[in-house]
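**Student:** Have a look at this prediction, sequence included:
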Number of protein chains: 2
Amino acid sequence: MRKTLVVIGVGLIGGSAAKSFRKAFAVGHIIGVGRGQENLGQALDSGLIDEVSTDAEAAVGSADWVLVATPVGQIPAVFEAIAHSLPDDAIILDAGSTKQDVIAAGRKHLGKHFSRFVPGHPVAGAEISGCQGARAELFSGKPVILTPHEGLQDKALEEAKDFWQSCGAVVTLMDAQIHDRIFAAVSHLPHALSYALVDMLAGRPDSELLFSYAASGFRDFTRIAASSPEMWRDICLANRGELMQVLAEYRDRLNEMLTWLTEEDTASLLKMFSHARSARNRWGQDRQ
Amino acid sequence: MRKTLVVIGVGLIGGSAAKSFRKAFAVGHIIGVGRGQENLGQALDSGLIDEVSTDAEAAVGSADWVLVATPVGQIPAVFEAIAHSLPDDAIILDAGSTKQDVIAAGRKHLGKHFSRFVPGHPVAGAEISGCQGARAELFSGKPVILTPHEGLQDKALEEAKDFWQSCGAVVTLMDAQIHDRIFAAVSHLPHALSYALVDMLAGRPDSELLFSYAASGFRDFTRIAASSPEMWRDICLANRGELMQVLAEYRDRLNEMLTWLTEEDTASLLKMFSHARSARNRWGQDRQ
């Protein structure tokens, strides 16, 4: 059976999913939808996709699978655009880093097709933009978290599992709120903190001097501040409930640390630093 | 002329300085002082030092150069121990990451020898402990910041410059307070922030789950939280005046960010993230 995949947003994630899909289903036809003509042209030339479209609504008409791999801020508009031309058996997937907001957008815009929308988050390097870095192995052994919602068809969930597993991913099911809480803590907060530090230092009159003495610790700490500002603004807003909670908790920790410094409470400082080092080393070792 | 260097604290910095010194002055004699017998034994076996001592007071009696390369928290006690047996022409150097507190300790304990104490900060990877990683090239092309104090002999300053330049370093002179302000911002604060995040997440009941989904951005951001807790407690306390100021300023930025999230002020978020990304990229390019 010749299956058609429509990828809306042919970046690293969308492009890599296209490559994986083609490998798993040798006869598949792949339509790439996007606004960047140069990027889409490259995707076509390199055989990543078979057909180019700038019209998402028309493109999904023949889809067996639709993968929405745009930045999260654009997902609601994409859903709105495609809702009326989706075939009645198409499986709709997304690859957004936040899930509660994407589910809300699906509920609002997808109508009867919402029951075949399977929200997912492939936890794989989304830092690179454009399809140049796309590779079939991107998801290999990496987690893809699916966050089923009430009203999702079992069959659609099973097919979505098959899709991501055929891409080599390790599929996990999770409640959308728990998902968003986890990623607020381990991903969205660190990005916000790193941006805030670089912004603060860059705004000081002595910033040139400061940066000239910044070394390897600073380089590692601020690497994520070089990520796409638009993408991270969207993520922070999409997940602002969870992010605000963990950001306020962190702010309270800094206030506590200020108290320790004022009172020269060396024991509390050492306890915090030691606890952190142990946890970081344990995690680092698990990862090697 | 056979010059004698006494290195108190034969870790990465002390060991590398010993190697560089031997290379520059082929006939130098090097005494290593420390408390870790195994580490000192290794330093002796590998030819890094020529003689081992556990008694700093006795060891410095024949010194032309004394390099105090212990963690900053131990420097006052070392100064106190050696003050009465220092030769009248020995040059005293340190390698601490904070400078105002080390100068205060020198003024308090070194007596007449204070005029030959040249405070310095080699800005080179101090993350590794022990002498195993010591190499003559550690300082090559790297900054060593000297922070002269009132009452420092010109001749001592010139000799200190020669010492560090013979190690391949690029020597800069700076006011101690400016030094401490710079490093509070680009080094001490990032370490404190990284420790605080890992400590907070590790203390949550769902920490195992959180860490299991942490990815490369988290890894980079928290790499410095694996640094020595004792060393960083000492640095944070030694420089607490400057650190508290920049930490409070940063805390205020987080409060501002919380307001933007509450009010869905997307423009301010994007402005902060974009400003940070530009500055980080500019700095990163200068570094390549």
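**Tutor:** Happy to help now that I have it.
**Student:** and residue A:127, what pLDDT?
**Tutor:** What the model reports for residue A:127 is a pLDDT of 54.
**Student:** and what of the one 10 residues further on?
**Tutor:** The score at residue A:137 is 91. That number is its pLDDT.
**Student:** what's near enough to touch the spatially most central residue of chain A?
**Tutor:** For chain A, the residue nearest the mean C-alpha position is residue A:97 (3.0 Å; C-alpha atoms, centre = their mean). Shown in contact with residue A:97 (C-beta atoms under 8 Å, 6 or more residues apart in numbering or on different chains): A:72, A:121, A:126, A:183, A:187, A:188, A:235, A:239. Just so you know, the C-beta spots here come from the backbone N, C-alpha and C atoms, and that holds for glycine as well.
**Student:** Out of these, the closest to residue B:286 would be?
**Tutor:** residue A:126 (26.6 Å; C-beta to C-beta).
**Student:** picking that back up, which strand or helix spans the residue nearest to the centre of chain A?
**Tutor:** Following DSSP states H and E, there is no helix or strand that holds residue A:97.
**Student:** cool, residue A:155 as well?
**Tutor:** helix A:154-166.
**Student:** Could you pull up the mean pLDDT of that helix?
**Tutor:** pLDDT averaged over helix A:154-166 gives 96.
**Student:** got it, and stretch A:23-33?
**Tutor:** 84.
**Student:** Ends of that stretch, what's the gap?
**Tutor:** 20 Å (C-alpha to C-alpha, to the nearest Å).
**Student:** contacts for it?
**Tutor:** A:1-10, A:14, A:18, A:21-22, A:40, A:43-44, A:48-56, A:59, A:62-63, A:136, A:166-167.
**Student:** quick revisit: nearest to residue B:177 among the contacts of residue A:97?
**Tutor:** For these, the nearest to residue B:177 is residue A:188 (36.6 Å; C-beta to C-beta).
**Student:** do you know how far residue A:17 is from residue A:136?
**Tutor:** When distance is defined by C-beta to C-beta, to the nearest Å, residue A:17 is 9 Å away from residue A:136.
**Student:** ditto for residue A:107
**Tutor:** 33 Å.
**Student:** the more surrounded of the two?
**Tutor:** Using other C-beta atoms under 10 Å in any protein chain shown, the more surrounded residue of residue A:107 and residue A:136 is residue A:136, with 18 against 15.
**Student:** any idea which helix or strand carries that one?
**Tutor:** Per DSSP H and E, there is no helix or strand for residue A:136.
**Student:** Kindly report the same for residue A:67.
**Tutor:** strand A:65-68.
**Student:** Make sure residue A:132 is actually in contact with residue A:43.
**Tutor:** No: with contacts defined as C-beta atoms under 8 Å, residue A:132 does not count as touching residue A:43, sitting 9.2 Å away.
**Student:** quick revisit: next helix or strand past the strand holding residue A:67?
**Tutor:** Using DSSP H and E, the helix or strand that follows strand A:65-68 towards the C-terminus is helix A:75-82.
**Student:** Packing partners of that following helix?
**Tutor:** Helix A:75-82 is packed against helix A:56-59, strand A:65-68, helix A:100-109, with contacts defined by 3 or more C-beta pairs under 8 Å, 6 or more residues apart in numbering or on different chains; DSSP states H and E.
**Student:** neighbours of residue A:115, just the number please.
**Tutor:** 17.
**Student:** got it, and the one 3 residues further on?
**Tutor:** Burial of residue A:118 is recorded as 24 neighbouring residues (other C-beta under 10 Å).
**Student:** Identify the bridge partners of it.
**Tutor:** Judged by DSSP bridges, the bridge partners of residue A:118 are residue A:93.
**Student:** distance between the ends of stretch A:55-74?
**Tutor:** 15 Å.
**Student:** for stretch A:20-39, same thing?
**Tutor:** End-to-end for stretch A:20-39, by C-alpha to C-alpha: 19 Å.
**Student:** Can you point out the buried residues in it?
**Tutor:** Buried residues in stretch A:20-39, counted by 16 or more other C-beta atoms under 10 Å in any protein chain shown: A:20-22, A:25, A:28-34, A:36, A:39.
**Student:** now do stretch A:5-22
**Tutor:** Using 16+ other C-beta under 10 Å as the test for burial, stretch A:5-22 gives A:5-22.
**Student:** Tell me which of these fall in helices.
**Tutor:** A:12, A:13, A:14, A:15, A:16, A:17, A:18, A:19, A:20, A:21, A:22 (DSSP state H).
**Student:** mind listing what residue A:241 touches?
**Tutor:** A:100, A:180.
**Student:** Kindly state the pLDDT recorded for it?
**Tutor:** 96.
**Student:** which SS state does it fall under?
**Tutor:** For residue A:241, the assignment made with DSSP: H, G, I helix; E, B strand; the rest coil gives helix.
**Student:** how close does it get to residue B:230?
**Tutor:** Here residue A:241 is placed at a distance of 39 Å from residue B:230 (C-beta to C-beta).
**Student:** what bits of chain A have low per-residue confidence?
**Tutor:** Scanning chain A for pLDDT under 70 picks out A:1, A:26-27, A:125-129, A:287-288.
**Student:** hmm, back to that, and for residue A:17 and residue A:136, which residues touch both?
**Tutor:** residue A:167.
**Student:** Can I get the strand holding residue A:67 in CSV, CA atoms only?
**Tutor:** Below are the C-alpha coordinates for strand A:65-68, written out as CSV (Å, rounded to 0.1, in the frame of the first residue of the first chain):
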residue,chain,number,x,y,z
TRP,A,65,-0.3,10.7,7.8
VAL,A,66,0.1,14.4,8.6
LEU,A,67,3.1,15.4,10.7
VAL,A,68,3.0,19.0,12.0
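**Student:** Show me what it packs onto, helices and strands only.
**Tutor:** Applying 3+ C-beta pairs under 8 Å, 6+ apart, we find strand A:65-68 packed against strand A:4-8, helix A:12-24, helix A:75-82, strand A:91-94.
**Student:** try 6 Å this time
**Tutor:** Judged by 3 or more C-beta pairs under 6 Å, 6 or more residues apart in numbering or on different chains; DSSP states H and E, the packing partners of strand A:65-68 are strand A:4-8, strand A:91-94.
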